[in-house]
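**Student:** This is a predicted model, with the sequence first.
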Amino acid sequence: MARHELLNNVAHQQLRVVTRFGREYGDDVGMVSAYPTEFAELQREYPIFLRKDRQDGHWQAVALLGFEAHENLFVQDGRWNAAYLPGAIAKGPFLIGFQEQRIDGELRREPVIHVDVEHPRVSFSEGEAVFLPHGGNSPYLEHISGVLRGLRDGLEAATAMYAAYDALGLIQPMNLELQLDTQHRVSLAGLHGIDRDRLAALDADQLHGLHRSGYLEGVYLLLASLHNLRRLMAEKQRRLRQAEAA
């Protein structure tokens, strides 16, 4: 069970984070949350889809990692085989919280870093140090701070961005039926993508509205990311052949 604590260099002076990958660290997932602030990096290696959150009904983006709920085709022998690590994975046991602080006489809710001390990556004997010996932030923690800022900014932008796509009828269901070989077929339901025909039918004012809002680039990044399905299928096929040979 998660146990979140406000990160500080006294209580967590000896905290370390294991950065290798595997089932034991919760990396056996078929998809992870994706954020608009990282689409440019993600689309080079991962297929990105949209799906509706079952609780609030809002759209959210996900990067596809495998074809089953607990299949991650990017992890092998403790390594993540991609040049870019999705922020949802890279953040490890850390998350953004808020704390009331008085700044210039005004009470404000400021973002602060929390850590899940029960997370399987948390260690006091191995991994990346979170703090320097004399209490300053380690380079690893500085990197994590940047990752968390990107996720926070992406989360803030996402709801309005996807609502704009939906209002223009750009989001369509994509029920994928993929034939891997003569014996293996996979089916993916509940995923959505951008409707190319609807995009082509938008008029100048609608396109300009997306551009002015900063949302048009995201449309093309989502479309471009779908080419990575071939890479994912090739890796799945390789592992199937490997399993059959064994």
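**Tutor:** Perfect, I can see it now.
**Student:** any weak-confidence spans in the chain?
**Tutor:** 100-105, 107-108 (pLDDT under 70).
**Student:** Please report phi then psi for the spatially closest residue to residue 64 that is not a sequence neighbour.
**Tutor:** Spatial nearest neighbour of residue 64, chain neighbours left out: residue 47 (4.5 Å); criterion: C-beta to C-beta, 6 or more residues apart in numbering. Placement of C-beta: from N, CA and C, glycine included. Main-chain dihedrals, residue 47, degrees, to the nearest 10: phi -70, psi 130.
**Student:** I figured residue 47 was touching residue 222, is that so?
**Tutor:** No: here residue 47 lies out of contact with residue 222, judged by C-beta atoms under 8 Å, at a distance of 9.4 Å.
**Student:** Check which element follows the longest helix along the chain along the chain.
**Tutor:** Using DSSP state H, we find that the single longest helix of the chain is helix 139-167. Toward the C-terminus, helix 139-167 is succeeded by strand 171-173 as the next helix or strand (DSSP states H and E).
**Student:** Show residues contacting that next one.
**Tutor:** Under the criterion C-beta atoms under 8 Å, 6 or more residues apart in numbering, residues 50, 59, 162, 165, 191, 192, 193, 194, 195, 198 lie in contact with strand 171-173.
**Student:** ok, 7 Å please
**Tutor:** With C-beta atoms under 7 Å, 6 or more residues apart in numbering as the test, strand 171-173 has contacts from 50, 59, 165, 192, 193, 194, 195.
**Student:** which of those sit farthest apart?
**Tutor:** Farthest apart among the contacts of strand 171-173 by C-beta to C-beta are 59 and 195. That separation is 13.9 Å.
**Student:** rewinding a little: tell me the helices and strands packed up against the longest helix of the chain.
**Tutor:** Applying 3 or more C-beta pairs under 7 Å, 6 or more residues apart in numbering; DSSP states H and E, we find helix 139-167 packed against strand 59-64, helix 87-90, strand 94-103, strand 106-116.
**Student:** Between these, which one is closest to residue 21.
**Tutor:** Proximity to residue 21, assessed across the helices and strands packed on helix 139-167 by C-beta to C-beta, is greatest for helix 87-90 (8.1 Å).
**Student:** Tell me the helices and strands packed up against that closest one.
**Tutor:** Counting contacts by 3+ C-beta pairs under 7 Å, 6+ apart, helix 87-90 packs against strand 31-34, helix 139-167.
**Student:** Return that helix as PDB; C-alpha atoms alone will do.
**Tutor:** These are the backbone C-alpha positions of helix 87-90, laid out as PDB (Å, rounded to 0.1, in the frame of the first residue of the first chain):
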ATOM      1  CA  GLY A  87       7.400  10.400 -17.600                       C
ATOM      2  CA  ALA A  88       4.900   8.200 -15.800                       C
ATOM      3  CA  ILE A  89       7.700   5.600 -15.500                       C
ATOM      4  CA  ALA A  90      10.600   7.900 -15.100                       C
END
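**Student:** I'd like the distance from that helix to the chain centre, please.
**Tutor:** 6 Å (C-alpha atoms, centre = their mean, to the nearest Å).
**Student:** So which bits of it are buried?
**Tutor:** Neighbour counts over helix 87-90 (16 or more other C-beta atoms under 10 Å) mark 87, 88, 89, 90 as buried.
**Student:** which residues are contacting it?
**Tutor:** Contacts with helix 87-90, where a contact means C-beta under 7 Å, 6+ apart, come from 32, 33, 35, 38, 147, 150, 151.
**Student:** What sits closest to the last one if chain neighbours are left out?
**Tutor:** What sits nearest to residue 151 in space, not counting adjacent residues and going by C-beta to C-beta, 6+ apart, is residue 87, at 4.9 Å.
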